[in-house]
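A.B. asks: Got a sequence here, can you build the structure:
(chains A and B)
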Amino acid sequence: MGDHHHGPAKGLGRWLFTTNHKDIGTMYLWFSFAMFILGGFFAMVIRAELFQPGMQLVDPAFFNQMTTLHGLVMVFGAIMPSFVGLANWLIPMMIGAPDMALPRMNNWSFWILPPTFLLLASTLFMEGGAPAFGWTFYAPLSTTYAPPSVTFFIFSVHVLGLSSIMGSINIIATVMNMRAPGMTYMKMPLFVWTWLITAFLLVAVMPVLAGAVTMMLMDIHFGTSFFSAAGGGDPVLFQHVFWFFGHPEVYIIILPAFGVVSQIIPAFSRKPLFGYDSMVYATASIAFLSFIVWAHHMYTVGMPIAGELFFMYATMLIAVPTGVKVFNWVSTMWRGALSFETPMLFSLGFLVLFTLGGFTGLMLSIAPSDFQYHDSYFVVAHFHYVMVAGAVFSMTAAVYYWLPKWCGRMYNESMGKTHFWISFIGFNLTFFPQHFVGLAGMPRRIPDYALQFTDFNMMSSVGAFIYGASQILFLYNVIATIVAGKPVSDEKVWDGAEGLEWTLPTPAPYHTFETPPKIDPAHAHS
Amino acid sequence: MCFEAKRLIKLALGPVLMLMGATVMAAGGEVNQMNMSPGVTEVGKQIFDLHMIILGICTIIGIGVFGVMFYSIIYHRKSKGVTPATFHESTTVEIAWTVIPFLILIGMAVPATSTLLSIYDHDEAEMDILVTGYQWKWKYEYLDEDGENVSFFSNLRTPRSEIYNTEKKGEHYLLEVDEPVVIPENTKVRFLITANDVIHSWWVPELAVKKDAIPGFINEAWTRTSEAGIYRGQCAELCGKDHGFMPIVVNVVSRQEYDEWLGAKQTEAAEIKALMAQTFTMDELMERGKAVYDRNCLACHGANGEGGVGTPIADSAIATGELGGHLDVGINGVPGTAMQAFGGQLNDVDMAAVVTYQRNAFGNNMGDMVQPIDVFNHKKG
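C.D. replies: Predicted coordinates for the structure are as follows:
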């Protein structure tokens, strides 16, 4: 090989032209955090307006723009890119590869994101305002009745889809071709497995989303009537197409989160993951089921009863593999030697709250009861339990867990724990009361509400401000660690951590595994 | 599951069931209500029971899972000096916790299916009401009654002053309408639900009805209750700016009261017909016009015609232009925009009044008047 190891280039060029998986991973992570703050800011506007009945701060039209952009930015800007960033950093290190399989495409899939979100955010300043039809953008509210900025929204969605597809192809190619000798599929860390399956889901459904927005574009500008009943089209068709994308999409968000906690819980239980094989099969089953349950989002559109029954039974089935996963995590902890550093706390927070979100998910799958739950705050509570306490908590756990490996410095543990407890309390204060108002009849996406919902909404708003503020602590802790954290040189960082990434020096060098590592055939998966 | 965990479950179960019981009692449209309301219909009660069964099963499973988890958290700590076990798989256990949840799910599917079948039993309704969602109001048409056709719009009655906090909010803030839909008790009423513009959803929790109102489709839902009373609901599907401001109020009354109400509505309809032939003075038209404007136009065009979602009316080319063009916009709307065709929503008297009002208010000073007959003739072409 000779001595041509080199570090990163200097200056802005390093970041613009980089093909290094670690640099790109870092950019994804910072970008997603910026979007998390932006989307969080939109949420604060929503909660401030809903603090008490009456219109105080914004008008109803702007309120709808806030709910729409909050959803879009959080789903497509914060959560999805954050896990892509994590995949970039970790997959090569976990499978013993020197980099991603397609490094130049990797650069592109990141760099098209920031301009796209700039474009999406700029719709706020356009005449007629930003998109105000909800992140689910049901036609014809998003076509005939949409503000002119909808065209920019459609373009943004196209580019985001492109970015996701490129990222996914890269992950699939990397996992299939770049594994070190001896790293068989059933030896891969579970994080790699969940991402491989996620990548297939993305490649399958992103084109469907692109199809949906293309049909919208045609309806708006080229005189077609895909979704307009007046022209012989079908507004319900939009919902079928959207949710055929949208349901797998929620698993795209949660599966990598499953992967993360499957790495962290064993590390802090000092005991191997229980039921590795069944975890892999359960993940694959969830992915398969995600394609045949989409219409459970549409129980009230007037489907024939046979359709209702099919989608209800299929949806209920998801509880089985999801249950297997939860049981496996709990069994991993059983008779371990547990310690509760920040990553473990966030993983346990995930485990408890995601399970609660799973229970409400099961309740929502029951079609007759869903006639009362549908489009109420009960749904809002449910999906924030799985999206925030699920995906975001696990992402936060991941940052605390791998940050010392990435930068060779330890974060402030007591500040991390404080961050967890404030987040945990703030989150539950925000979303638990939303179950109550939803069951009591408060519809979602309303800027103002009847007086009997006042107390719980106030509680929700206070919780949201607490949860929002706790992220400042997180940001501070991460920056303080990178700049001046206590240096760590131990390769393992955590005594219970297993996997190839922990065999590398700390901090992880710019280039790793230029020669493939040796994998002990007797050693089970990490 | 170990012995200790089982004991934990038993210990924890008691208070939780008590809590669940307390929530049930608190139900019923109350302030700070925490649970679904069983409502006033057979189907609603079935749905509520189903909801409680599933919630109960989830609670028990949750106690089991969290019990084991917290047992580990408390007793299997590194700080207690325990040595971690090394077991990491058991096919038997994996099969058990795949099969048992599956069986529990089958147990849930049985009552769920039967409840769904009762919801879908639309047959043999004794009367039909066509419900049409508009941005942002509901229209009700009684389809099966003899005599004069009864149809009307139901608008939010809460004044802007309450919404914008200049006046104290009333008891039914945002859940009150100018004209509720009236149905008789002990009668199977079928609602045929559709929409005129975007998708809405007609939801009255106490009647256990929620169904999307979709342009181009007619959905069915039904209710029957023996409890007279006023039941309030809201649009449940995001339908644009004033989605939060299009409530539903259903007034369930005795058969006799219903017949009286229907008679009065039919008389009123006949009176409107008579009014159509009349000629009004400017003052009469302006007064009526302002009321019509506030109810139908203000949400988009502003209290002073300054515009908003809609274009301004003050000093607009349409309202200060040729009369035929103005009538055309009012009657036929502007296709492809949020401006609806009001020709079918307003009767000719109201249309004449509101057009007159728009041409002579907000600084517009055209001085011309529109009579119901003009509207009628314009519609005829």
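
A.B. asks: so who does the residue in the stretch 101-250 of chain A that chain B sits nearest to touch?
C.D. replies: Using C-beta to the nearest C-beta, the closest approach of the stretch 101-250 of chain A to chain B is made by A:A229 at 2.2 Å. (Each C-beta comes from the backbone N, C-alpha and C, glycine too.) Shown in contact with A:A229 (C-beta atoms under 8 Å, 6 or more residues apart in numbering or on different chains): A:P235, B:I214, B:P215, B:G216, B:F217.

A.B. asks: Show me what the helix or strand B:W202 falls within pairs with in its sheet, parallel or antiparallel.
C.D. replies: Assigned by DSSP states H and E, B:W202 belongs to strand B:200-204. As defined by DSSP bridges, the strand partners of strand B:200-204 come to strand B:209-213 (antiparallel), strand B:229-235 (antiparallel).

A.B. asks: Now that strand: average pLDDT?
C.D. replies: Averaged across strand B:200-204, pLDDT comes to 97.

A.B. asks: I would like the residues contacting it, please.
C.D. replies: Counting by C-beta under 8 Å, 6+ apart, A:300, A:374-375, A:441, A:443, B:131, B:133, B:138, B:191, B:193, B:209-213, B:221, B:223, B:231-237, B:239, B:246, B:248, B:250 sit against strand B:200-204.

A.B. asks: quick one, domains of chain B?
C.D. replies: B:2-119, B:127-274, B:278-380 (automatic domain parsing).

A.B. asks: okay, these, which one's buried deepest?
C.D. replies: Comparing these by mean neighbour count (mean count of other C-beta atoms under 10 Å in any protein chain shown), domain B:127-274 ranks first with a mean of 19.

A.B. asks: and it, how far from the chain's centre?
C.D. replies: Computed by C-alpha atoms, centre = their mean, to the nearest Å, the chain-centroid distance of domain B:127-274 equals 8 Å.

A.B. asks: And stretch A:92-104, by the same measure?
C.D. replies: Counting by C-alpha atoms, centre = their mean, stretch A:92-104 comes out at 22 Å from the chain centroid.

A.B. asks: Could I get the buried residue list for that stretch?
C.D. replies: Residues of stretch A:92-104 classed as buried: A:P92, A:M93, A:M94, A:I95, A:G96, A:A97, A:P98, A:D99, A:M100, A:A101, A:L102, A:P103 (neighbour count, 16 or more other C-beta atoms under 10 Å in any protein chain shown).

A.B. asks: excluding its backbone neighbours, what's nearest the fourth one?
C.D. replies: If I follow you right, that is A:I95. Of all residues not flanking A:I95 in the chain, A:R179 sits nearest, at 4.5 Å (C-beta to C-beta, 6 or more residues apart in numbering or on different chains).

A.B. asks: give me every residue that touches the one you found.
C.D. replies: Counting by C-beta under 8 Å, 6+ apart, A:R179 touches A:I95, A:G96, A:A97, A:M188.

A.B. asks: what's the answer for B:E42, then?
C.D. replies: B:S118, B:R224.

A.B. asks: what's the helix or strand for B:K139?
C.D. replies: Under the criterion of DSSP H and E, B:K139 resides in strand B:137-142.

A.B. asks: wait, A:R409 sits on A:A480?
C.D. replies: No: counting by C-beta atoms under 8 Å, A:R409 does not reach A:A480; the two are 9.1 Å apart.

A.B. asks: out of those two, which sits in the busier spot?
C.D. replies: A:R409 (18 against 14; other C-beta atoms under 10 Å in any protein chain shown).

A.B. asks: Run through the residues that contact the residue lying closest to that one once chain neighbours are set aside.
C.D. replies: Of all residues not flanking A:R409 in the chain, A:G485 sits nearest, at 3.0 Å (C-beta to C-beta, 6+ apart). Residues near A:G485 by C-beta under 8 Å, 6+ apart: A:P404, A:C407, A:R409, A:M410, A:Y411, A:N412.

A.B. asks: what about stretch A:435-444 and chain B, touching?
C.D. replies: Yes: legend: contact between stretch A:435-444 and chain B by C-beta under 8 Å from any C-beta of the partner chain is shown at A:F436, A:L439, A:A440, A:G441, A:P443, A:R444.

A.B. asks: One more: stretch A:307-323?
C.D. replies: Yes: Stretch A:307-323 reaches chain B (C-beta under 8 Å from any C-beta) through A:E308, A:L309, A:M312, A:Y313, A:M316, A:L317, A:A319, A:V320, A:G323.

A.B. asks: buried set for that stretch?
C.D. replies: Buried residues in stretch A:307-323, defined by neighbour count with 16+ other C-beta under 10 Å: A:308-323.

A.B. asks: Give the next helix or strand downstream of the top helix by length along chain B.
C.D. replies: Identified as the longest helix of chain B according to DSSP state H is helix B:42-75. Heading C-terminal from helix B:42-75, the first helix or strand you meet, by DSSP H and E, is helix B:91-119.

A.B. asks: relative orientation of that next one and helix B:42-75 in degrees?
C.D. replies: 160 degrees (axes from the mean of the first three to the mean of the last three C-alpha atoms, to 10 degrees).

A.B. asks: close to chain A, is helix B:91-119?
C.D. replies: Yes: judged by C-beta under 8 Å from any C-beta, helix B:91-119 comes into contact with chain A through B:93-94, B:97-98, B:101-102, B:105, B:108-109, B:112-113, B:115-117, B:119.

A.B. asks: Return the alpha-carbon coordinates of the helix or strand following that helix using CSV.
C.D. replies: Later in the chain than helix B:91-119, the nearest helix or strand by DSSP H and E is strand B:127-134. Extracted C-alpha coordinates of strand B:127-134, given in CSV (Å, rounded to 0.1, in the frame of the first residue of the first chain):
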residue,chain,number,x,y,z
MET,B,127,-85.4,8.8,6.2
ASP,B,128,-82.5,10.1,4.1
ILE,B,129,-80.6,13.4,4.6
LEU,B,130,-78.1,14.6,2.0
VAL,B,131,-75.1,16.2,3.7
THR,B,132,-72.9,18.3,1.5
GLY,B,133,-69.6,19.8,2.8
TYR,B,134,-68.6,23.2,1.5
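
A.B. asks: what's strand B:127-134 packed up against?
C.D. replies: Applying 3 or more C-beta pairs under 8 Å, 6 or more residues apart in numbering or on different chains; DSSP states H and E, one finds that strand B:127-134 contacts strand B:137-142, strand B:181-184, strand B:189-195, strand B:200-204, strand B:209-213.

A.B. asks: Quick check: residues of the stretch 251-381 of chain B near chain A?
C.D. replies: So the stretch 251-381 of chain B meets chain A at B:G308, B:V309, B:G336, B:T337, B:A338 (C-beta under 8 Å from any C-beta).

A.B. asks: which of those residues sit farthest apart?
C.D. replies: Spatial extent of these (C-beta to C-beta) is set by the pair B:G308 and B:G336 at 18.4 Å.

A.B. asks: What sits closest to A:M218 if chain neighbours are left out?
C.D. replies: A:T224 (4.2 Å).

A.B. asks: That neighbour against A:M215, yeah?
C.D. replies: Yes: with contact defined as C-beta under 8 Å, A:T224 reaches A:M215; the gap is 7.3 Å.

A.B. asks: Neighbour count: the two, which is higher?
C.D. replies: Between A:T224 and A:M215, counted using other C-beta under 10 Å, A:M215 has the larger neighbour count: 21 against 16.

A.B. asks: Mind pulling the model confidence for that one?
C.D. replies: pLDDT, A:M215: 97.

A.B. asks: Who are the contact partners of it?
C.D. replies: Contacts of A:M215 by C-beta under 8 Å, 6+ apart are A:T224, A:F226, A:F227, A:F238, A:V241.

A.B. asks: Right, I'll call it a day here.
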